[in-house]
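Student: Provided below are the primary sequence and the corresponding predicted coordinates.
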Amino acid sequence: MKKLLFPFALLVLFIIPNEILAQKKVMDETFWVGGVCGMCEDRIEKALEVKGVKLADYDYDAQMLRVVYKTKVMNRAKLDVLLNAVGHDTKTSIASDEQYDGVHGCCKYRDPAVQDEHEENGDEDEDHEDHDEDEKH
């Protein structure tokens, strides 16, 4: 009986928990995405309003995005494609020049002058209301 108990204990302690972890159904990730203002935040979050994404919350001050998604439908590579498509870089994927050119002039997060302007003025002082009509996305 002891000979049967030991393999069963190994199965319960090591194999089953690893199988459960490997089949994780929901992933919660936080990662860097380039952006400088509330318009960037809106664009990034809207780009992730797709099937499989349960939550997308972007903090433009920290340039960090928290995403909760279903692993059967979505993965990190697909998230990068969606973010690049609206002109935003991630740590693992860079938007093409054509994609980046689609963001509004005040959202050119790669430009040090734009970064400095947003840091000096803050997003509250920048009037982004009138930019929505000009934005391509």
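Tutor: Right, received. Where do you want to start?

Student: check which helix or strand the most centrally placed residue in the chain maps to.
Tutor: In the chain, the C-alpha closest to the average C-alpha coordinate belongs to Leu65, at a distance of 4.5 Å (CA atoms, centre = their mean). Using DSSP states H and E, Leu65 maps to strand 64-70.

Student: the helix or strand following that strand to strand 64-70, inter-axis angle?
Tutor: Using DSSP H and E, the next helix or strand after strand 64-70 towards the C-terminus is helix 76-85. Angular relation of helix 76-85 and strand 64-70 on a 0 to 180 degree scale: 130 degrees, by axes from the mean of the first three to the mean of the last three CA atoms, to 10 degrees.

Student: for the following helix or strand past helix 76-85, C-alpha coordinates in PDB please.
Tutor: Next along the chain after helix 76-85, taking DSSP H and E as the criterion, comes helix 97-101. Extracted C-alpha coordinates of helix 97-101, given in PDB (Å, rounded to 0.1, in the frame of the first residue of the first chain):
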ATOM      1  CA  ASP A  97       6.600  54.800 -38.900                       C
ATOM      2  CA  GLU A  98       3.400  54.800 -40.800                       C
ATOM      3  CA  GLN A  99       1.400  53.600 -37.700                       C
ATOM      4  CA  TYR A 100       3.200  56.200 -35.500                       C
ATOM      5  CA  ASP A 101       2.500  59.000 -37.900                       C
END
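
Student: so which elements touch helix 97-101?
Tutor: On a contact count with 3 or more CB pairs under 8 Å, 6 or more residues apart in numbering; DSSP states H and E, helix 97-101 meets no helix or strand. Quick note: C-beta positions are derived from backbone N, CA and C, even for glycine.

Student: hmm, who's touching that helix?
Tutor: Asn84, Ala85, Val86, Gly87, Asp89, Lys108, Arg110 (CB atoms under 8 Å, 6 or more residues apart in numbering).

Student: mind redoing it with 6 Å?
Tutor: Here helix 97-101 makes contact (CB atoms under 6 Å, 6 or more residues apart in numbering) with Asn84, Gly87.

Student: buried sites along that helix?
Tutor: Gln99, Tyr100 (16 or more other CB atoms under 10 Å).
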